[in-house]
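Chemist: test case, fold it:
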Amino acid sequence: MKKWVEWCLAVIVMGLLAACGGGGGSPGKNPNAGDLSVGGLTALTVLPGESRFIPVTGGVPPYRAVSSEAALVAAAMDGSTLVVGGVTAGASANVVVRDNQGASVTIAVTVGTSVPLYTTAPANLSIGVGPSQARVFRVAGGVKPYTITGDNVLVATVTQLDAEQWRIEGQAIGTTNVRIRDAAGKELTVAVSVGSPELRISSDSLTLPAGIPASVVLSGGQKPYSIAGGIPAAIQVRPLAGTDDTFEITGLLATGDVDVVFADATGKTVKTKVTVNTATTQIRVSPSTVTVGENSGGSISFSVVTGARGNLTVLSSNPTLVAVSGITPPTFNADGTIRTNGSFVGAVTGCVAEDQNVVITVIDSNGSVGTATVTVRDNGNKSATDNCPQ
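Modeler: Below is the predicted model:
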């Protein structure tokens, strides 16, 4: 009888433990959350320098992402979004996303062989006469080597500086074409008008984290350039040493929209709208938002503040429209303080039918993610052929 009672008690205790999930441990995933899913994908193809954003659902957050070949394919989690970027053309790697219970999903990522042939010069380029009005542009994508020639040396001379850069200098008022051809036979044409170009600025608007500088570049008009009008105490503006066309803007205090006005030697003016905020993330990108005209060919200098040592991965959500180059990691003093911020350059290289946002994603060596948004502004031509101003 005693053994029978002990057996009954054991059965009751086991039943109670089963009803309570085993008497301890993790409560497990929410049965309503579903299985771990990464956008329902098992394979993905990206271009070199392109970033893709994929929602992660189900399972048990937080999620972690690891690339089997981080030097070829970048991967990081930004909350519940997987960021995947192509680093090396022609490469492939597996990206594994795991949840907090160890469930995982693997995505086979392939990086395309190349981006289409493009140049940072606009399809319709206006320059002045003489060396001071000369412009330098970059060509990339397609298949190297490139051949770059001008149609009329009496109007403008074209010089190929190296494998990816070319320079054009106006010689006399008139029009000509620059032809860029890659090894596969793909050709681009830049229509050039030599005259007195309008005064231009690289960025129409900037949003800056307080204390982190950003630069704007003036072109056209007639040098020298200068700061016109008063500058409020919340913003510092100064010429960048060693240049005659670049100004550095630093927000000292949070402020709403402020117009910073510049002038050329003839009194023509151009302005950029500056907003300063107090963002405090692990990694900060300045400017965090910027607006530029389509096919402007202008370069935008970005600063990256992070305490992580090592290289930065910088990706564009549309590299054929906003190309990224010149990526430089931060440097540190012996005591661990930051000596110089990281940096990179973005260039608008294409046309848009309407205003379009391009997200620049920066991933540091710790996997922290920062972003900046470049708004490429449609300049108003609704042509079905190129959607660019004539």
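
Chemist: tally of neighbours for residue 273?
Modeler: Neighbour count of residue 273, defined by other CB atoms under 10 Å: 15. All C-beta atoms are positioned from the backbone trio N, CA, C, and that covers glycine.

Chemist: repeat for residue 93
Modeler: Neighbours around residue 93, by other CB under 10 Å: 23.

Chemist: identify the bridge partners of it.
Modeler: residue 109 (DSSP bridges).

Chemist: one more: the one 4 residues further on?
Modeler: Partner residues in beta bridges with residue 97: residue 65, residue 105, with DSSP bridges as the criterion.

Chemist: how far away is it from residue 83?
Modeler: Going from residue 97 to residue 83 by CB to CB, to the nearest Å gives 11 Å.

Chemist: which residues do the two both contact?
Modeler: Residues touching both residue 97 and residue 83 by CB atoms under 8 Å, 6 or more residues apart in numbering: 65, 77.

Chemist: dump the residue contacts of residue 295.
Modeler: 122-124, 348-351, 388.

Chemist: can you pull the contacts of residue 167?
Modeler: Residue 167 neighbours (CB under 8 Å, 6+ apart): 134-137, 158-159, 161.

Chemist: low-scoring stretches of the chain, by residue?
Modeler: Scanning the chain with the threshold set as pLDDT under 70 gives 1-33, 113-114, 143, 184, 196-197, 279-281, 296-298, 380-390.

Chemist: which stretches of it form helices?
Modeler: 2-19 (DSSP state H).

Chemist: double-check residue 54 against residue 40; I have them as touching.
Modeler: No - between residue 54 and residue 40 there is no contact under CB atoms under 8 Å: 9.3 Å.

Chemist: among those two, which residue is more densely surrounded?
Modeler: residue 54 (18 against 9).

Chemist: just give the number of residues close to residue 91.
Modeler: Residue 91: 17 neighbours (other CB under 10 Å).

Chemist: same deal with residue 144?
Modeler: 13.

Chemist: what of residue 89?
Modeler: Neighbours of residue 89 (other CB under 10 Å): 14.

Chemist: with residue 88 instead?
Modeler: 13.

Chemist: wait, what's in contact with the closest residue in space to it that isn't next to it in sequence?
Modeler: Excluding the flanking residues, the one nearest residue 88 by CB to CB, 6 or more residues apart in numbering is residue 72, at 4.5 Å. For residue 72, the contacting residues are 87-88, 91-93, 111, by CB under 8 Å, 6+ apart.

Chemist: now do 10 Å
Modeler: 86-93, 109, 111 (CB atoms under 10 Å, 6 or more residues apart in numbering).

Chemist: same question for residue 54.
Modeler: 37-41, 44, 65, 81-84, 95, 97, 107.

Chemist: and if you look at residue 311?
Modeler: 71, 327-330, 342, 363-365.

Chemist: make JSON lines out of these and add distance to residue 128 and neighbour count.
Modeler: Formatted as JSON lines, the contacts of residue 311 follow (distance: CB to CB, whole Å; neighbours: other CB atoms under 10 Å):
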{"residue": "71", "distance to residue 128": "44", "neighbour count": "12"}
{"residue": "327", "distance to residue 128": "32", "neighbour count": "16"}
{"residue": "328", "distance to residue 128": "31", "neighbour count": "14"}
{"residue": "329", "distance to residue 128": "37", "neighbour count": "19"}
{"residue": "330", "distance to residue 128": "38", "neighbour count": "22"}
{"residue": "342", "distance to residue 128": "35", "neighbour count": "24"}
{"residue": "363", "distance to residue 128": "41", "neighbour count": "25"}
{"residue": "364", "distance to residue 128": "41", "neighbour count": "24"}
{"residue": "365", "distance to residue 128": "44", "neighbour count": "15"}
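
Chemist: closest to residue 285 among the residues you listed?
Modeler: Distance to residue 285 across those (CB to CB) is lowest for residue 342, with 9.1 Å.

Chemist: do you know how far that closest one is from residue 334?
Modeler: 19 Å.

Chemist: the nearest residue to residue 58 once chain neighbours are set aside: how many residues sit nearby?
Modeler: What sits nearest to residue 58 in space, not counting adjacent residues and going by CB to CB, 6+ apart, is residue 34, at 4.1 Å. As a burial measure, residue 34 scores 11 neighbours (other CB under 10 Å).

Chemist: residue 41 too?
Modeler: Residue 41, neighbours per other CB under 10 Å, totals 16.

Chemist: give the contact list for it.
Modeler: Counted by CB under 10 Å, 6+ apart, residue 41 has contacts 52, 54, 82, 84, 95, 105, 107-109.

Chemist: that's all I had, so thanks and see you.
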